[in-house]
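[1] Okay, here's the prediction I keep looking at, along with the sequence it came from:
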Amino acid sequence: MISSHLARALRLSPIPITLGTLLAWALVPASAHAGIPECGGLRLEDVASCEVQASVDCEAGCSRFGIYKVACATQLQSVCRPSCTLAAEPTCTDSCTVMCQGECDLGVSITCQHNCFGECAGSCGTSCAGAVNVEQCVASCEATCDGECDIQCAVVDGDCYVHCVECCGGSCTAQANMDCQTSCQDVEFETCEREFQAECMASCSVDGALFCDGKYVMSATDIEPCIAALAAQGIMVQAEASVTLGPDGLSADGSVCSVSQVGAKSGTLGLLTLLGLGLLVALGRRRRR
């Protein structure tokens with residue numbers, strides 16, 4: 001069954017999407033993504049807290065202003081990319097490469113994915129300063145940086161200088177297509193936000209919804225892969241005291257204590273990953289019963 005997000009992407013796409021295109025998307029290595037594929041492709045490594053909410057708190061979260069900006073920008077960037085295909089400006093890549101190669105010479109570690117996003121997203125605040133909707137502009141800008149960096153850095157395997165060149169290529173390609181992406185995304189942004197809000201509100205009365213730093217991530221119905229992916233990053237999901245993470249989403253018996261958010265630092269990452277995997281094992285056992 002096609003997910004609601006993919007179905008929406010297919011409907012919004014400005015060009016025909018073939019089975020070959022879908023297979024090409026599916027074959028992009030998950031490790032190449034800065035976002036978490038299991039969590040709607042959102043970039044969540046720096047979040048302070050993730051929580052499953054239900055009922056009144058969930059509905060209040062769904063109604064919060066601006067909570068769908070990042071989710072919509074992430075989705076619409078992929079939809080708009082086939083029509084935003086400008087090549088990177090040579091002046092951009094040349095100046096960027098000279099700068100980051102200088103860092104390589106000083107022994108600074110350049111990692112394509114990490115440095116590409118930082119290099120690109122660093123200009124979003126300035127470029128969006130005069131926008132009518134600054135928050136939406138920044139979300140679109142950062143999603144464009146993420147998307148282009150994911151693609152440029154997907155197969156990078158080499159030393160600092162190789163990563164440097166690819167990093168600059170992704171960042172400069174994103175900047176070349178920023179106006180196109182912003183205009184393209186703007187056409188469907190309002191519709192996307194309404195649909196996400198409707199999806200979020202519907203989740204509240206059935207299974208609840210997952211929020212990270214107060215932003216809607218997804219319905220709690222199918223969040224087990226997302227919980228595992230977050231645990232692998234050292235991010236544990238907290239649940240309201242009145243709800244329990246169960247095999248079908250949420251139940252109201254409160255039989256399982258909530259797990260507080262913990263920011264992992266090197267030594268604790270393995271433990272947190274085990275805790276997340278332990279939760280999945282427990283869920284599997286409950287199913288078999």
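    Arrived safely. Residues are numbered from 1 along each chain as shown.
[2] ok, which stretches of this structure are strands?
    For the chain, the strands defined by DSSP state E occupy 50-53, 209-212, 215-219, 237-239, 244-246, 249-251.
[3] ranking these by burial, who's on top?
    strand 209-212 (a mean of 26; mean count of other CB atoms under 10 Å). Any C-beta I mention is one placed from the backbone N, CA and C, and that applies to glycine too.
[4] Let me know the pLDDT of residue 58.
    If you check residue 58, the pLDDT there is 94.
[5] Please list all residues in contact with it.
    Contacts for residue 58 were tallied using CB atoms under 8 Å, 6 or more residues apart in numbering; they are 200, 203-204, 208-209.
[6] Residue 194 too?
    Counted by CB under 8 Å, 6+ apart, residue 194 has zero contacts.
[7] And the pLDDT at it?
    96.
[8] do residue 135 as well
    Value listed for residue 135 in the pLDDT field: 95.
[9] Pretty sure it sits against residue 68.
    No - with contact defined as CB atoms under 8 Å, residue 135 does not count as touching residue 68 (10.8 Å).
[10] the more surrounded of those two?
    residue 68 (24 against 14; other CB atoms under 10 Å).
[11] In this structure the more buried one contacts residue 191, no?
    No - with contact defined as CB under 8 Å, residue 68 does not count as touching residue 191 (11.0 Å).
[12] Residue 114: how many residues sit nearby?
    Neighbours around residue 114, by other CB under 10 Å: 15.
[13] The residue nearest to residue 159 when sequence neighbours are not counted: neighbour count?
    Take residue 159 and drop its neighbours on the chain: the residue closest to it by CB to CB, 6 or more residues apart in numbering is residue 104, 7.9 Å away. Residue 104: 16 surrounding residues under other CB under 10 Å.
[14] Which parts of this structure belong to which domain?
    For the chain, the structural domains run 35-54+207-289, 81-185, going by automatic domain parsing.
[15] hmm, back to that, quick one: common contacting residues for residue 135 and residue 68?
    In contact with both residue 135 and residue 68: no residue, using CB under 8 Å, 6+ apart.
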